[in-house]
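Asks: I need the structure of the sequence given here:
(one chain, ligands or ions: 1)
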Amino acid sequence: MVKRDAAQQTLAAKEPVPDAEPMRMVRFNPAFSRLLGTISKTAIKVPSMMSLLEKRVLFTLARERYTGEGVIIDAGIFLGASTVCFGDGIRLNPLAKKIGKRWEKPIISFERAIINPGMPGFFKRNSVEGMAEPGESFASALEANIEPVADLVDLRLGDILETGQGISSPIEILFLDVLKMPEISRFVARNYFPQLIPGVSIVVQQDYFYERLPFIKTDQEFFAEYFTFIGEVCSTALFLCTKAIPESAIAKLEQALPAREQERLASVAMQRSCDPARRYMMALSKVRLIKQLYGSDSAEEYLQFVRKEFPDQVASTLPRLQDALLAIERLCSGADE
Ligand SMILES: C[S@@+](CC[C@H](N)C(=O)[O-])C[C@H]1O[C@@H](n2cnc3c(N)ncnc32)[C@H](O)[C@@H]1O
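Replies: All right, here's what the predicted structure looks like:
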């Protein structure tokens with residue numbers, strides 16, 4: 001009770017929503033338009049690779065949408081921001097008591113907690129002090145950050161391919177910022193998609209509108225008939241599960257999709273967003289896919305097409321768009337092999 005009151009007192013004012021800013025505009029289907037709510041101060045404070053807008057959506061999902069019919073899977077939490085968003089959101093959820101009766105720990109959080117070569121740059125930019133070197137653990141920092149909600153969290157440290165086995169509960173919110181390899185994406189499909197509740201569960205794909213990791217888009221779109229796309233915020237896409245996902249569909253995904261089918265799914269993904277900058281990122285992601293499927297010449301050819309289709313984005317001075325193009329050019333030229 002004390003913790004609930006504390007979270008209630010710390011609601012932060014809403015940040016204005018950038019309506020037309022590339023990669024920042026927020027769009028939800030009308031039925032989900034309330035998902036961009038406020039956020040608790042504790043959740044704001046945890047350093048995160050996500051934007052404040054994305055964190056507000058996670059907090060609002062747990063506060064206003066979560067019913068406790070299933071658990072929340074929170075996968076790839078880094079320093080714990082998503083976990084604190086979900087935990088603080090649950091504390092303020094009008095159904096908190098019922099949720100507490102149903103689940104001793106409604107949030108299952110996954111993190112390997114080993115510093116990778118990209119993280120020291122993040123620590124520096126965000127003034128996160130006292131962190132060790134690549135290869136070492138950051139578990140203690142993560143545990144300290146999520147301490148205010150620890151009573152709600154089953155924290156699983158280690159590789160999700162091992163720690164994520166054996167979850168049989170229904171899953172109501174599936175937050176995914178851990179799909180860094182195709183094996184993990186397939187693991188999540190096999191182990192968690194069948195537990196989604198039709199009409200209730202929401203999958204939050206944090207790396208969706210991102211120029212890398214093309215398998216995230218093709219795997220998600222492979223299951224398009226079981227989902228409705230409900231909105232976009234920064235790199236994140238949200239999908240409502242509308243139909244139970246059968247074992248047979250998962251088995252089909254696991255039998256390597258034909259190249260043409262992967263291309264088609266990447267094109268479906270490209271059409272999801274209202275934002276031309278996001279569609280451009282998805283087109284660059286498709287260049288990566290074509291490189292994997294058919295090699296450099298085909299990828300270069302498709303990149304030429306993308307340049308013609310997205311002249312404003314190619315000319316943009318936004319660092320995010322410039323860096324994405326540069327990385328693709330290097331890939332197509334073979335410099336990254
Ligand atoms: C992009 S970061 C997540 C950022 C985080 N959502 C935030 O708000 O800052 C991806 C995280 O996934 C974790 N990760 C990558 N592969 C993993 C695996 N196989 N098992 C568990 N965690 C993993 C990384 O350690 C990293 O912290």
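Asks: quick one: average pLDDT of stretch 275-293?
Replies: For stretch 275-293, mean pLDDT is 97.
Asks: near the ligand, which residues of the chain are found?
Replies: Counting by C-beta under 6 Å from any ligand atom, the chain comes close to the ligand at 48-50, 76-78, 81-82, 110-112, 159-161, 177-178, 180, 184. All C-beta atoms are positioned from the backbone trio N, CA, C, and that covers glycine.
Asks: give me the ChimeraX select line for the residues you listed, limited to the buried ones.
Replies: Applied in ChimeraX, the following selects the buried portion of the residues of the chain next to the ligand according to 16 or more other C-beta atoms under 10 Å:
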select :48,49,50,76,77,78,81,82,110,111,112,160,177,178,184
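Asks: in strands, which of the residues of the chain next to the ligand fall?
Replies: Among the residues of the chain next to the ligand, the members found in strands (DSSP state E) are 110, 111.
Asks: was I right to think residue 325 contacts residue 314?
Replies: Yes - between residue 325 and residue 314 there is a contact under C-beta atoms under 8 Å: 6.5 Å.
Asks: neighbour count: these two, which is higher?
Replies: Set residue 325 next to residue 314 and count neighbours by other C-beta atoms under 10 Å: residue 325 wins out with 21 against 14.
Asks: what sits up against the helix or strand in which that one is found?
Replies: Assigned by DSSP states H and E, residue 325 belongs to helix 319-333. Applying C-beta atoms under 8 Å, 6 or more residues apart in numbering, the external contacts of helix 319-333 come out as 22-23, 211-212, 277, 280-281, 284, 287-288, 291, 296, 299-300, 303, 313-314, 316, 336.
Asks: now that helix, how far from the chain's geometric center?
Replies: Relative to its parent chain, helix 319-333 has a centroid offset of 22 Å by C-alpha atoms, centre = their mean, to the nearest Å.
Asks: in the stretch 201-337 of the chain, what residue comes closest to the ligand?
Replies: Nearest residue of the stretch 201-337 of the chain to the ligand: residue 206, at 6.1 Å (C-beta to the nearest ligand atom).
Asks: that residue is in contact with residue 236, isn't it?
Replies: Yes - look at residue 206 against residue 236 with C-beta under 8 Å: they come within range, at 5.1 Å.
Asks: just to revisit the earlier point, so what's the residue of the stretch 201-337 of the chain closest to the ligand closest to, chain neighbours aside?
Replies: In this structure, residue 206 finds its nearest non-sequential neighbour in residue 177, 3.8 Å apart by C-beta to C-beta, 6 or more residues apart in numbering.
Asks: roughly how far apart are the one you found and residue 201?
Replies: Computed as C-beta to C-beta, to the nearest Å, the residue 177 to residue 201 distance reads 17 Å.
Asks: before we move on, back to that, give me the number of residues near the residue of the stretch 201-337 of the chain closest to the ligand?
Replies: By other C-beta under 10 Å, 25 other residues sit near residue 206.
Asks: pLDDT value on residue 3, please?
Replies: pLDDT, residue 3: 50.
Asks: same question for residue 323.
Replies: Residue 323 is assigned a pLDDT of 96 by the prediction.
Asks: neighbours around it, how many?
Replies: By other C-beta under 10 Å, neighbour count at residue 323 equals 11.
Asks: next: residue 271.
Replies: Residues near residue 271, counting by other C-beta under 10 Å: 10.
Asks: so who does it touch?
Replies: By C-beta under 8 Å, 6+ apart, residue 271 lies in contact with residue 279.
Asks: quick one, phi/psi of it?
Replies: phi -90, psi 0 (degrees, to the nearest 10).
Asks: same thing with residue 72?
Replies: Main-chain dihedrals, residue 72, degrees, to the nearest 10: phi -100, psi 120.
Asks: and if you look at residue 201?
Replies: According to degrees, to the nearest 10, residue 201 has phi -70, psi 140.
Asks: that one touches residue 242, doesn't it?
Replies: No - using C-beta under 8 Å, residue 201 is not in contact with residue 242; the gap is 9.5 Å.
Asks: picking up where we left off before, can you list the buried residues in the helix holding residue 325?
Replies: Those would be 321, 324, 325, 327, 328, 331, 332, for helix 319-333 by 16+ other C-beta under 10 Å.
Asks: next: stretch 156-169.
Replies: 156, 160, 163, 164, 167.
Asks: C-terminal to the helix or strand hosting residue 90, what's the next element?
Replies: Assigned by DSSP H and E, residue 90 belongs to helix 81-91. Next helix or strand after helix 81-91 toward the C-terminus (DSSP H and E): helix 96-102.
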